[in-house]
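>>> give me a model of this one.
(one chain, ligands or ions: 1)
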Amino acid sequence: MNIYAHPTFDMAQRQFDLVADLLAIPDNDRGWLKFPKRALTVACPVRMDDGSTRVFAGYRVQHHFALGPTKGGLRYHPDVTLGEVAALALWMSWKCALTGLPYGGAKGGISVDARSLSPGELERLTRRYTQEVVNFIGPQVDIPAPDVGTNEQVMAWLMDTYSTHAGHAVPAVVTGKPVHLGGSLGRREATGRGVAYLAGRAMDTLGLEASGATAVVQGYGNVGAVAAQSLVKQGLKVIGVSDVGGGIHNAAGIDLRRLEAWFAEHRTILGFPEAEPIANADLLTLPCDVLVPAALERQITAENAGQLRCRVIAEGANGPTTPEADEILNRRGDVFVVPDILCNAGGVVVSYFEWVQDLQSFFWSEGEVMDKLFRILEGAFQSTLNVSRKQNLPMRTAALSLGIRRVWEAKKSRGLFP
Ligand code: NAD
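Next up is the predicted model:
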């Protein structure tokens, strides 16, 4: 199965193997657990504004169907490959199983720098991709959602294209839609709010006070910006943030409302006058209580793990920490890691609520959504912490073992096919 060869896929496989040894999963059961059930690669030709035609590579990977349809984001980024998408699909499976959602994992992506496209080009690319995968997705098959480089508008185009094929509106085919199209209240903020909530629970566990504590956030996108704002509401000071172009730092705390106004005008955090510029690599090693990687995979590595000066890592991104970095952090023992499949699960949990609301055409208040969200996250945090303490395991291994065990049991009960 080397069609998925990619450093991020290797990382997901290594994590699986470690937990499979721990759970004593027989060799005979491993192959059909650790590879995606199916993957589709599509070519998306798009008429550009200047009259030329460009062809973009698109992917959709579905890991398993033992518990229900598959679920996972759609990423627009120049580095997207089949292997990266497959790794992200595996992590979605373990995440959904850890939080008790009736889904297998999936992920999709297009290799494109979305920021270089006009709104019209982005719409045509999204509609073309949807047409190419139209028989591969659906409310009972596979339900996409936003990820890096995509947003509510992209989900609206996807839903519209799918619905046009079906001949009637099918809101449950995607989550993370605009609320006026059947989106859920609270979905846009859910991942970042969940990250901040779980960072707070990690601080409670260590006996750290939120008031006056400091946080650094890598990636000021959907997840990172909301996580930063929520941490401030919990009493922390955000002293550093970054986006793809670089970072900014102010040891006294960054005024996020003024940063939002700056961002709305300039579409970047860079140049914000009330903070100093800082290189992305240096941002990660700033002294702080909570570090939130909320950009891409493989940011905390063997090179910088020894130099981190935080007490908590709250992983907003998927796969931000490599297995080599995990080993270093485990040896150090002074950093509490809230692993990605737990920490950023708020997004898929509220996506699940959105899907349930769409299927029933019966919509909930934001209070109901948030209340149910925090109850699920609290339960998953407690179970992970219990396993970690009882078996003396790192939090990541504990979370993965809970997720992988549930998928293994479901697949064993059903048989080889799903
Ligand atoms: P986004 O596109 O809204 O934001 C990504 C941010 O990261 C942008 O600010 C970008 O400039 C920045 N960035 C990219 N490369 C960087 C680098 N090398 N250094 C610093 N910043 C960099 O994406 P998002 O939806 O916020 O997703 C961020 C991460 O969270 C991804 O790993 C994604 O898979 C994960 N995630 C997202 C959701 C969700 O609901 N959107 C849910 C769970 C997990």
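>>> which SSE is the nearest residue to residue 5 once chain neighbours are set aside in?
If you skip the residues right next to it in sequence, residue 5 has residue 83 as its closest partner in space, 5.7 Å away by CB to CB, 6 or more residues apart in numbering. To be clear about C-beta, it is placed using only N, CA and C from the backbone, and glycine gets the same treatment. In this structure, residue 83 sits in helix 82-98 according to DSSP states H and E.
>>> per-residue pLDDT, residue 418?
At residue 418, the predicted lDDT confidence score is 85.
>>> for the ligand, what's its nearest residue on the protein.
Of all residues in the chain, residue 221 sits closest to the ligand, at 1.7 Å by CB to the nearest ligand atom.
>>> please, which helix or strand holds the residue with the largest distance to the centre of the chain?
Of all residues in the chain, residue 51 has its C-alpha farthest from the mean position, at 35.5 Å, by CA atoms, centre = their mean. In this assignment (DSSP H and E), residue 51 forms part of neither any helix nor any strand.
>>> let me see the mean pLDDT of stretch 111-124.
For stretch 111-124, mean pLDDT is 97.
>>> ok, and what's touching it?
By CB atoms under 8 Å, 6 or more residues apart in numbering, the list of residues contacting stretch 111-124 from outside reads 46-49, 56-58, 76-81, 125, 149-150, 154, 157.
>>> for stretch 357-371, same thing?
Stretch 357-371 is touched from outside by 139, 171, 172, 182, 184, 185, 186, 187, 190, 193, 350, 353, with contacts defined as CB under 8 Å, 6+ apart.
>>> and the residues you listed, which two are furthest apart?
139 and 193 (25.6 Å; CB to CB).
>>> between the two, which has more neighbouring residues?
Neighbours of residue 139 and residue 193, each counted by other CB atoms under 10 Å, are more numerous for residue 193; the result is 25 against 17.
>>> need the three-state assignment for that one.
The three-state label given to residue 193 by DSSP: H, G, I helix; E, B strand; the rest coil is helix.
>>> excluding chain neighbours, what is closest to it?
On the basis of CB to CB, 6+ apart, the spatially nearest residue to residue 193 that is not a chain neighbour turns out to be residue 230, at 5.0 Å.
>>> same deal with residue 80?
residue 109 (3.7 Å).
>>> name the helix or strand for residue 376, please.
Of the helices and strands defined by DSSP H and E, residue 376 is found in helix 366-390.
>>> state the mean pLDDT of that helix.
98.
>>> buried residues in that helix?
369-370, 372-374, 376-377, 380-381, 383-385, 387-388 (16 or more other CB atoms under 10 Å).
>>> please apply the same query to stretch 345-357.
Under the neighbour-count rule (16+ other CB under 10 Å), stretch 345-357 has 345, 346, 347, 348, 349, 350, 351, 352, 353, 354, 355, 357 buried.
>>> go on, stretch 50-64?
Judged by neighbour count (16+ other CB under 10 Å), stretch 50-64 contains these buried residues: 56, 58, 59, 60, 61, 62, 63, 64.
>>> what's the answer for stretch 177-188, then?
Going through stretch 177-188 with 16+ other CB under 10 Å, the ones that come out buried are 177, 181, 182, 183, 184, 185, 186, 187, 188.
>>> next up, the contacts around the fifth one.
Taking CB under 8 Å, 6+ apart, we find residue 184 in contact with 175, 350, 351, 353, 354, 357, 363, 364, 369.
>>> any chance you could map the strands in the stretch 1-150 of the chain?
Listed from the start of the chain, the stretch 1-150 of the chain has strands (DSSP state E, counting those that start in this stretch) covering 38-47, 53-62, 70-77, 104-111, 142-146.
>>> redo those as TSV? Include distance to residue 135.
Written out in TSV, the entries for the strands of the stretch 1-150 of the chain read as follows (distance: least, CB to CB, whole Å):
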stretch	distance to residue 135
strand 38-47	9
strand 53-62	11
strand 70-77	14
strand 104-111	14
strand 142-146	11
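>>> get me the contact residues on the stretch 201-350 of the chain for the ligand.
Taking CB under 6 Å from any ligand atom as the contact definition, the stretch 201-350 of the chain meets the ligand at 218-224, 242-244, 280, 294-296, 316-318, 344, 347.
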